[in-house]
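In: Pasting the sequence and the predicted coordinates here, then a few questions.
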Amino acid sequence: MDELVAFGEYWTGILCGGVPHLFEGLIISKLCNDPKMDEKIEYVDKIFPQKISQNTYQITLN
């Protein structure tokens, strides 16, 4: 993932899907104890106009 970012590419070069591939990349990074995890979070945050962590959603089940 680091090499793709270095060349200005998205992670879709190795991970499939639209937006979900970004979250998969973060999960993989976390599970691998990636020392650049914080950089990857910042990378994903820059892609979205508003930080995802600031969004709150309420799901109601009927």
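Out: Noted; the coordinates are in hand. Numbering: from 1, shown residues only.
In: From here on, just use CA atoms for contacts and neighbour counts.
Out: Fine.
In: can you give me how far the helix or strand of the chain with the lowest mean pLDDT is from the chain middle?
Out: The weakest-scoring helix or strand in the chain, judged by mean pLDDT, DSSP states H and E, is helix 2-6 (a mean of 83). Here the centre of helix 2-6 is set off from its chain's centre by 13 Å, with CA atoms, centre = their mean, to the nearest Å.
In: Then stretch 25-39?
Out: Centroid displacement of stretch 25-39 relative to its chain, using CA atoms, centre = their mean, is 10 Å.
In: Kindly provide the whole-number mean pLDDT of that stretch.
Out: The average pLDDT for stretch 25-39 rounds to 90.
In: What residues of that stretch count as buried?
Out: 25, 26, 29, 37 (16 or more other CA atoms under 10 Å).
In: Roughly how far does the first one sit from residue 36?
Out: Separation of residue 25 from residue 36 (CA to CA, to the nearest Å) stands at 12 Å.
In: Where does the spatially most central residue of the chain fall, secondary structure wise?
Out: With distances taken as CA atoms, centre = their mean, residue 22 lies nearest the centre of the chain, 3.2 Å away. Per DSSP states H and E, residue 22 falls inside helix 20-31.
In: sorry, back to before: what does the least confident helix or strand of the chain rub up against?
Out: Identification of contacts with helix 2-6 by CA atoms under 8 Å, 6 or more residues apart in numbering yields 10, 11, 13.
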